[in-house]
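# the amino acid sequence is not available; the structure is as follows:
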C-alpha cells in the first residue's frame, strides 16, 4: 500500500502537480479511514489531501485513472498479486482478437451484427441505461478499435476508429426523430432543445466511457508508468498558445477569467498599500498642534504612482491570433488599472479597434468583432510588420506621449519584407516604455524570417509569453 | 495535542444520509471529505463559485452533530483583536482604580491579566468551548495574506498563544470549515494544513433533488424542467452563471405564479431571477428563443 501510494505521488509530481511531504503523509493517513473497496471514496480521499487547486483536478483525475485503472474494485485494489490480474486482461485481449469468447454480461453482445449494436446503443442512450451503455462501450472498443498488443499508436487513434464506426452524430439526429415520434404532440421548441441537450450529454458520457475503456486496455498492454507519460495533460496555465487544441482553448478561456479577477484584486491592493514615502513635513507639523507642538505622530507622503496609458499593437494573423486574443482579453479585463487603453490590430494593414471594446461590456463579443470586422488586410493578408508599423507611426504616432506604454505583440515573422525598425526606435524615444511580447519559444527567435532581434534592440525588453503563466507575470509587472 | 479526537461519524454513508435528512444533498466528494475531516481532525477548505452551498454545508454539519456553530466572517482589515482575543482594558482600568491602596503592584499585575479580563473572539471561543462546536471561517480569501498567518496556529495545533497567559489548548477538536470564493490564491501554508474540497454546480440530477427537497409543493416534472433549463443556461458563456440559490428562487417564483410547465415566454420573463447582468439576460433570452 505504501509503495503504491508513493508511486502515485511520484506520478503526480511528474505531471507538474505540487505535492508536499506533509500532504503525502496526510494522504496515507486518510486512506486508512476509507473502506478500500470504495473506489470513489478512495479517489476523493486522495484528491482532498493531495490536490489543493481546482485547476489541477483534471490532471489528477487522469493520473489517477491511469495509475489505478487495473487496481480498481473489480481487480481488488492494492492486492499484491496485481500482476496476475494484468495477465488475465492481457490474455483476454489476445483471445478476443481470435474468437469471440463470452465474458459476463457483455458476452451475449458478441453475437450481434454492427447494425444491431447501433440499434441497442440508441436505445440505451435514449433511456439513459448506464449499465448497458458501459457494456456497449466495451463491446464497441473490442470490436471496432482493432487494438493490437504492442502497436505503438496513441489512444486517440483507437478512439477515432471506434467512434467512426458508431456514427454518433447521425445517432443524435435519429434519436431526436424517434423521440418526436414517441411523444404524442410535437413539443415546443424549448422542450426539443432540452431533449437534444439531454441526448448530447448522454452521448458525451458514452464517449468518455469508450475513452476510459481504451485507456484501460492500453495500460494492460504497456504498463501504467508508460501510459501515464503519454496521457499526461499540461495544466491550463502551461498550455502553449500557439499549439493549443480546441479543447485546451476552452479550458484556457475558463482559466483566464478567475485569473484576471485575482490579478485585478492583487493590483488594486498593491496600489492601496503603497510603500511609505518621505516625511511629509507640513502634515506632521499640523498634527503636532494637538500634542502641544510636539511632533509625536510623524506623517509620511504616500507615493501615488500614476496609472500608465497603454497602447496594444497586436499581430492577428493565423499563427499568433490566439495569443493576441488572450492578451487583449487580459488587458481589457484589468483595464481599470490603466488610465487609458487603446488597441490596434494588424496583419499587413493596421486598424484601431478601441471602439469595439468601448461599445460593449462583453469582451468575447468585442474580440469576435475584431476578428471579423477590423480592416487589417492591405495587399495579400500575410504578415508585414514593416508596413503596419509605418502606417501606425503616420496615423497614431502623434498620440504617443511620455506617459504611454506601447505593447507590441507578435512573432516578428515578417515574410522577408522591409523591417522599418526605425519606427520602433522613434516610438521608444517618445514613449515611456516599449515592450515586445513573443509567443514563440526563445530558441526559435531570429530563425527563418523572424526578425524579433532587430526590433528588440530598440525596445525596453522582449519577453517570451508562451503560456498564461508567463503572460500573467508580465501583465502584473506592467501595471 | 491535548484534546482527544472524538469520532462523530461511523461511515461516509452515515454523513450522507444525515445531511440528506436535513435537506442538504451531498455528493460523494462532499460527504467523503466531511467524514475524513472528522477522522483526521483536520480543517476543510471549501472552494467554489458563490451560491453553491459552501456556508450551508458547515451549518448543516453543525446541525447534524448537534454542535454550536461559531462563525467568523472575514473581511479586509480583520485583525487579531477581532478574530482571536482582546484585553478588556476598561475593566482592567476599573480594577486598578477600585482598590488603589490595598493591593501591591505585583498582585494587580497578575490579576488584570487573567481570564476574567479576556474578551474571547470567535477563534478563541471555538477553542475554549466545553460543548461541541463547529467553527466556520467564512470567505477567508478576503483577508490579507499577512492576516492568514493568524489562522495557522489554530488550524494545525488547535491552540492559541496569548503572550500574557501562555498557550491555551483546545479541550476538544472542533470541526473547522473555511470557505473561499477564490478571489485570490490562498497561501501554501494555509492550504497545506487543510483538506481541500471544491464544491461546483451540481449535476442535473442532484439539482433536481435539491429543488424537490428545498421547495415544498413543486411537482416532479417542474423540478425536472427547471434543472434542465438551468443546466442549459449554465453551458452558455456568461458573466455569472446561475447559482443553486438562484435556481431555488426561480423555482419558488414559478410556484407562486402557479406555473406548471415552463414554455419559452415564461422562461424569458422570469430570467431576471436567475441572471443578474443585463448582458447575460439578453444573451440567454436570445439563445432560448433560437431553435433549429
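Received the coordinates, thanks. The structure presented is a predicted model; accordingly, all values stated were derived computationally and were not measured. Numbering: from 1, shown residues only, chains lettered A, B, ... in the order given.

# now for chain B, the helix or strand with the poorest mean pLDDT.
The helix or strand of chain B with the lowest confidence, counting by mean pLDDT, DSSP states H and E, is helix B:105-112 at a mean of 75.

# what packs against the helix or strand following it?
For helix B:105-112, the following helix or strand on the C-terminal side (DSSP states H and E) is strand B:118-120. When contacts are defined as 3 or more C-beta pairs under 8 Å, 6 or more residues apart in numbering or on different chains; DSSP states H and E, strand B:118-120 sits against strand B:85-87. Just so you know, the C-beta spots here come from the backbone N, C-alpha and C atoms, and that holds for glycine as well.

# what residues of the strand it packs on count as buried?
B:85-86 (16 or more other C-beta atoms under 10 Å in any protein chain shown).

# just stretch B:115-133 next, same as before
B:117-118, B:120-129, B:132-133.

# what average pLDDT does it get?
Mean per-residue pLDDT for stretch B:115-133: 86.

# who touches that stretch?
Stretch B:115-133 is touched from outside by B:62, B:65-72, B:81-88, B:91-92, B:95, B:135, B:150-151, B:154, B:158-160, B:162, B:165, B:168-172, B:174, B:176, with contacts defined as C-beta atoms under 8 Å, 6 or more residues apart in numbering or on different chains.

# from those, list the buried ones, please.
The buried subset of those (16+ other C-beta under 10 Å) comprises B:62, B:65, B:67, B:69-72, B:82-86, B:92, B:95, B:135, B:150-151, B:154, B:158, B:160, B:168, B:170, B:172, B:174, B:176.

# in strands, which of these appear?
In strands, judged by DSSP state E, the following of those are found: B:69-72, B:85-86, B:135, B:160, B:168, B:176.

# a markdown table please, covering these and showing distance to chain A.
Output for these, formatted as a markdown table (distance: C-beta to the nearest C-beta, whole Å):
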| residue | distance to chain A |
| --- | --- |
| B:69 | 22 |
| B:70 | 23 |
| B:71 | 23 |
| B:72 | 21 |
| B:85 | 26 |
| B:86 | 23 |
| B:135 | 18 |
| B:160 | 22 |
| B:168 | 24 |
| B:176 | 14 |
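
# which one of the residues you listed is nearest residue A:120?
residue B:176 (50.7 Å; C-beta to C-beta).

# so, low pLDDT: which residues of chain B?
B:1-6, B:99-103, B:290-292 (pLDDT under 70).

# centre of the chain to the longest helix along it, how far?
Counting by DSSP state H, the longest helix found in chain B is helix B:220-234. Mean-position distance between helix B:220-234 and its chain equals 26 Å (C-alpha atoms, centre = their mean, to the nearest Å).

# helices and strands around that helix, which ones?
Judged by 3+ C-beta pairs under 8 Å, 6+ apart, helix B:220-234 is in contact with helix A:189-222, helix B:204-214, helix B:244-256.

# repeat the analysis, applying 6 Å as the threshold.
helix B:204-214 (3 or more C-beta pairs under 6 Å, 6 or more residues apart in numbering or on different chains; DSSP states H and E).

# next one: residue B:22 from residue B:218, what distance?
19 Å (C-beta to C-beta, to the nearest Å).

# quick one on the thing from earlier: redo the buried residues of stretch B:115-133 as TSV? Include secondary structure.
As requested, the buried residues of stretch B:115-133 are exported to TSV (DSSP: H, G, I helix; E, B strand; the rest coil):
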residue	secondary structure
B:117	helix
B:118	strand
B:120	strand
B:121	coil
B:122	helix
B:123	helix
B:124	helix
B:125	helix
B:126	helix
B:127	helix
B:128	helix
B:129	coil
B:132	coil
B:133	strand
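
# what domains does the record give for chain A?
Using automatic domain parsing, the domain parsing of chain A gives A:2-78, A:82-231, A:254-273+A:306-478, A:277-303.

# run through who's touching stretch B:137-157.
B:43, B:55, B:72-76, B:78, B:83, B:123, B:178-181, B:183-184, B:187, B:189-190, B:193 (C-beta atoms under 6 Å, 6 or more residues apart in numbering or on different chains).
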